[in-house]
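Participant: Here you go, sequence then predicted model.
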Amino acid sequence: MKELNETDVLMLRKLDEVRQHFQEFDHDFRILEACFVGSCSYDGETIKDRNEFDHLIKGDLVEYRKPIEFAAEYDGQKVYGMDDWNGDFSEQFSPGMFFNVEIVEWFLDCVPPESHSLTYIQCGEPYSHIDGKATYTTFECVKGDINKTDSVWRYCGHCFSKERVEYKGK
């Protein structure tokens, strides 16, 4: 396996700039890329796929490979993440519990949201209907926003559209 050095990486970055300006060479670049993926390493790590190759030539491979650090605690309470979720969400967790952005992004991506902003989301699939009105799984940001990996979100429960308080009945 060939070990890439800084000169190789700089050459690849220059080649990528050329590729961007001359799209007709894209086919040749992809052939070269295929030669590197799986058969070369950088800083002792094998370049495993096209995504890692792209990060290598953009200069952020080391940053890309850093594990994401989510908040572990907020306001004296545990912040839950994907590793903590192992069953029916509504049975396992209660309104008022805190979650990291990984959980919120999962709900945001599973179906188009009912409503959302940088600091609030409602899952697009109704959870239930009360008196003919749909309720939605709802999260409200208490620290940061959807673009911050260290953001913390409070689970609001199943709320009516654009509301953040779970309906408790009359």
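Facilitator: In hand now; what should we look at?
Participant: Mind pulling the model confidence for the residue lying closest to residue 126 once chain neighbours are set aside?
Facilitator: Among residues not flanking residue 126 along the chain, residue 134 sits closest, at 3.7 Å (Cβ to Cβ, 6 or more residues apart in numbering). C-betas here are computed from N, CA, C, even on glycine. For residue 134, the pLDDT comes out at 94.
Participant: isn't residue 134 right up against residue 160?
Facilitator: Yes: contact criterion Cβ atoms under 8 Å: residue 134 and residue 160 qualify, at 7.3 Å.
Participant: Mind picking out the helix or strand in the protein with the poorest mean pLDDT?
Facilitator: helix 61-65 (a mean of 65; mean pLDDT, DSSP states H and E).
Participant: So which residues of this structure form helices?
Facilitator: 6-21, 26-36, 50-58, 61-65, 89-92, 101-110 (DSSP state H).
Participant: Now do the lengthiest strand in the chain against helix 101-110: the angle between them, please.
Facilitator: Secondary structure of the chain per DSSP state E: the longest strand is strand 133-143. Relative orientation of strand 133-143 and helix 101-110, computed by axes from the mean of the first three to the mean of the last three Cα atoms, to 10 degrees: 150 degrees.
Participant: the domain parsing of the protein - what is it?
Facilitator: With domains defined by automatic domain parsing, the chain comprises 2-65, 73-160.
Participant: Give me whichever of those domains is most buried.
Facilitator: Highest mean neighbour count among the domains of the chain (mean count of other Cβ atoms under 10 Å): domain 73-160, with a mean of 16.
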